[in-house]
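In: Any chance you could fold what I've pasted below:
(2 chains)
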Amino acid sequence: METVINIFIIALGLYFGLGLLFGLYFLFAGATTIDPLMKESKKVVRLLLLPGTIATWPFLIGKLFQSKKV
Amino acid sequence: MGLDYKLVLWNKHKKNYDKLIALGMVLYLIVFFVLSLVTNAEMTAETIIIRAFGSLAIILLHLILVIGPLTRLNPNYLPILYNRRHLGVSMFLAALIHGVFSTINFHTLGSKNPIESIFTSNMDYGSLTNFPFQVLGFLALLILFVMASTSHDFFLKNLSPKIWKRLHMLVYLAYSLIVLHVFLGAFQQETSPFAIGVLCLGFVLITGLHLTAAFKEGKIDSFKASKDSDGWLEVCTTGEIEESRAKIFTVEGERIAVFKNEGKLSAIHNVCKHQGGPLGEGKIVDGCITCPWHGYQYLPHNGQSPPPFTEKVKTYQLKVVNGFVYVNPNAYEEGTEVTPISC
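Out: Residues are numbered from 1 along each chain as shown, chains lettered A, B, ... in the order given. Okay, here's the model as predicted:
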C-alpha cells in the first residue's frame, strides 16, 4: 500500500511541476497562438489563469500542438 | 463576452452578490467562533478555525448544488445561478483554509512530507471506524482546486465547453468524498448528532431536488409532436408562446426554443454556446435572445451573437397553419438566417 501511495504522491508532484513549467510558457507566450483574446489580456489576468493551467495542462498542450500543426 | 480577458467580470449586480456572499461568510465565522468559545472554552483556536472553515465550505457546497435544480424548477432563482461561479471559488477558499490548517496542525510535526503524512499516518484503510478520512478530504480538495482554478471564461473557451462541463461535473464526486470525509471523521472523533443530522438533511435535499428537476426535464424530452405530410412537427399554438419569451420542445432528440419577438416567431437550438445554458428559459432583451445563465445574446432570426461577438447556434424553419406552429426538424447550419414568421 505504501508503494502505491508513494507512486501517487510522486506522480502528483510531477504533474504539478510539469504543469507549472508549461503554465509559465503557455500563459506568457503560447496562449496567444490559440486564443486571440490573450493578446490584449493583462499580466495580472495571466497570473490568475496560472493555477488552472497547471491543473489542466494536458488538455491545453494538446490544443497548442494542434494549432501549431495547422 | 469581450475582446480581452478580465480579472473578474464584475457588474453592479455581481458586486452586490459578492458583497452578500462575503458578508454571509464573515457573519457565519463570527457566530461559529463565539458559539464555540461559549460552549467549549477549552477548544483551541486552531480547532475552531479548522471546524469553522470546514463547516462553512460544506454549507456553501450545499448551496451550490441546490442552485442548479432550483432554477430548473423555478426561474425566480436564476439571479443566484448568475453568480454561482463566485460562490464556488469562495467555497474552495474556505475548504483550502480548512485543509491547510488541518495539515499544519496534524501533519507538520513529524519528519515526513506533510502530504505523505496525510496518506500514511493512519494506514487502516480496511477499517470503517478508523478509516484515514483526511485522505478523502485531500482528494476532494484536489477536485475543488481544479474546478475553482478553471472558473474563468478562458478555460471554458480553450478546454472546450464539453471538457469544461465534464471537469465541473466532478463536483458530485467531491461532494461524495466530503460526505464520507465528515461521516468517517465523526466516527473517530466526538460525534455530534446535530452535525450528522444536518448533513443527512442536506443529502436528502440535494438528492430530492435533483430528482424532481430531472422528472420535470424528462417531461420536455418525452414530448411527442405529430407530423404533417411534409414531415414538419406540430409543437404548439401561436397563443401558447408569450411575447419576448419562448417554449422549449424536443425535436428529433434536440431541444429547440421557439421565440416570439414583436409578434413574429423564430426557432433556434436551445443550448447556449457559453456554458450550455437553456436559451429558451431566457427572454428577448433589446431584440436579442438572452441566455438566463450568464447573459450571452443571440439574434432570433439567425442565431448569431451581435457583432463583434462570434457565437452561433443552429436555426430552424417554422410555419404557422390555422394557428398551429410547425417546426422543420432538419436544422440549418449554425448562424443561418431564417426569416421570422408572422403569427
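In: Around chain B, which positions in chain A sit nearby?
Out: For chain A, the residues in contact with chain B (CB under 8 Å from any CB of the partner chain) are A:1-2, A:5-6, A:8-9, A:12, A:31, A:34-35, A:37-42, A:44-45, A:48-49, A:51-52, A:54-56, A:59-60, A:63. Any C-beta I mention is one placed from the backbone N, CA and C, and that applies to glycine too.
In: go with 7 Å
Out: Taking CB under 7 Å from any CB of the partner chain as the criterion, chain A approaches chain B at residues A:1-2, A:5, A:9, A:34-35, A:37-38, A:40-41, A:44-45, A:48-49, A:51-52, A:55-56, A:59-60, A:63.
In: and the longest strand for chain B?
Out: For chain B, the strand that runs over the most residues, judged by DSSP state E, is strand B:254-261.
In: Would you indicate which residues of that one are buried?
Out: For strand B:254-261, burial by neighbour count (16 or more other CB atoms under 10 Å in any protein chain shown) applies to B:255-261.
In: pLDDT below threshold where in chain A?
Out: A:69-70 (pLDDT under 70).
In: Also the stretch 51-200 of chain B?
Out: If you take pLDDT under 70 as the line, the stretch 51-200 of chain B has these spans: B:186-187, B:190-191.
In: so how far is chain A from the residue most central in space within chain B?
Out: Centrality entry for chain B: nearest residue to the mean C-alpha point is residue B:68, 5.2 Å, by CA atoms, centre = their mean. Distance, residue B:68 to chain A, using CB to the nearest CB, to the nearest Å: 22 Å.
In: Just give me the neighbour total for residue 38.
Out: This is for chain A. Residue A:38: 22 surrounding residues under other CB atoms under 10 Å in any protein chain shown.
In: my bad, chain B
Out: Here the number of neighbours of residue B:38 (other CB under 10 Å) works out to 8.
In: How about residue B:309?
Out: 15.
In: For stretch A:24-32, give me every contacting residue.
Out: With CB atoms under 7 Å, 6 or more residues apart in numbering or on different chains as the test, stretch A:24-32 has contacts from A:38-39, A:46, A:49-50, A:53, A:60, A:64.
In: Now with 6 Å, please.
Out: With CB atoms under 6 Å, 6 or more residues apart in numbering or on different chains as the contact definition, stretch A:24-32 has outside contacts at A:38-39, A:46, A:49, A:53, A:64.
In: So which of those sit within strands?
Out: Applying DSSP E to the contacts of stretch A:24-32, no entry is found in strands.
In: Most neighbours out of those, which is it?
Out: Highest count within the contacts of stretch A:24-32 by other CB under 10 Å belongs to residue A:53, 27 neighbours.
In: In three-state terms, how would residue B:223 be classified?
Out: Following DSSP: H, G, I helix; E, B strand; the rest coil, the label given to residue B:223 is coil.
In: What strands line up against the longest strand of chain B, and which way round?
Out: Sheet pairing of strand B:254-261 (DSSP bridges) gives strand B:246-251 (antiparallel), strand B:264-269 (antiparallel).
In: Kindly provide the whole-number mean pLDDT of it.
Out: What strand B:254-261 shows for mean pLDDT is 93.
In: wait, isn't residue B:178 in contact with residue B:140?
Out: Yes - the pair residue B:178 / residue B:140 is scored as a contact, 4.8 Å apart, by CB atoms under 6 Å.
In: Give the buried residues for the longest helix along chain A.
Out: Counting by DSSP state H, the longest helix found in chain A is helix A:43-69. Judged by neighbour count (16+ other CB under 10 Å), helix A:43-69 contains these buried residues: A:45-46, A:48-57, A:59-61, A:63-64.
In: Ok, stretch B:268-277 next?
Out: Result for stretch B:268-277 [16+ other CB under 10 Å]: buried residues B:268-275, B:277.
In: measure that stretch end to end?
Out: By CA to CA, to the nearest Å, the extent of stretch B:268-277 from end to end equals 13 Å.
In: quick one on the thing from earlier: tell me the helices and strands packed up against the longest helix of chain A.
Out: helix A:2-25, helix A:31-34, helix B:133-149, helix B:153-159 (3 or more CB pairs under 6 Å, 6 or more residues apart in numbering or on different chains; DSSP states H and E).
In: starting at the chain centroid, how far to the shortest one?
Out: Relative to its parent chain, helix A:31-34 has a centroid offset of 13 Å by CA atoms, centre = their mean, to the nearest Å.
In: again with the last one
Out: When C-alpha coordinates are averaged (CA atoms, centre = their mean), helix B:153-159 and its chain have centres 16 Å apart.
In: likewise the third one?
Out: Taking CA atoms, centre = their mean, one finds the center of helix B:133-149 at 18 Å from the center of the full chain.
In: Which residue ranges of the stretch 101-250 of chain B form helices?
Out: For the stretch 101-250 of chain B, the helices defined by DSSP state H, counting those that start in this stretch occupy B:114-120, B:133-149, B:153-159, B:161-168, B:171-188, B:193-221.
In: and the second one, what does it pack onto?
Out: Other elements packing on helix B:133-149 under the criterion 3+ CB pairs under 6 Å, 6+ apart are helix A:43-69, helix B:84-107, helix B:114-120, helix B:171-188.
In: residues in contact with the residue of the stretch 51-200 of chain B found nearest chain A?
Out: Chain A sits closest to residue B:149 of the stretch 51-200 of chain B, with a gap of 3.8 Å, by CB to the nearest CB. Going by CB under 6 Å, 6+ apart, residue B:149 touches A:51-52, A:55.
In: which one of those is nearest residue B:303?
Out: Proximity of these to residue B:303, judged by CB to CB, is greatest for residue A:52, which lies at 29.8 Å.
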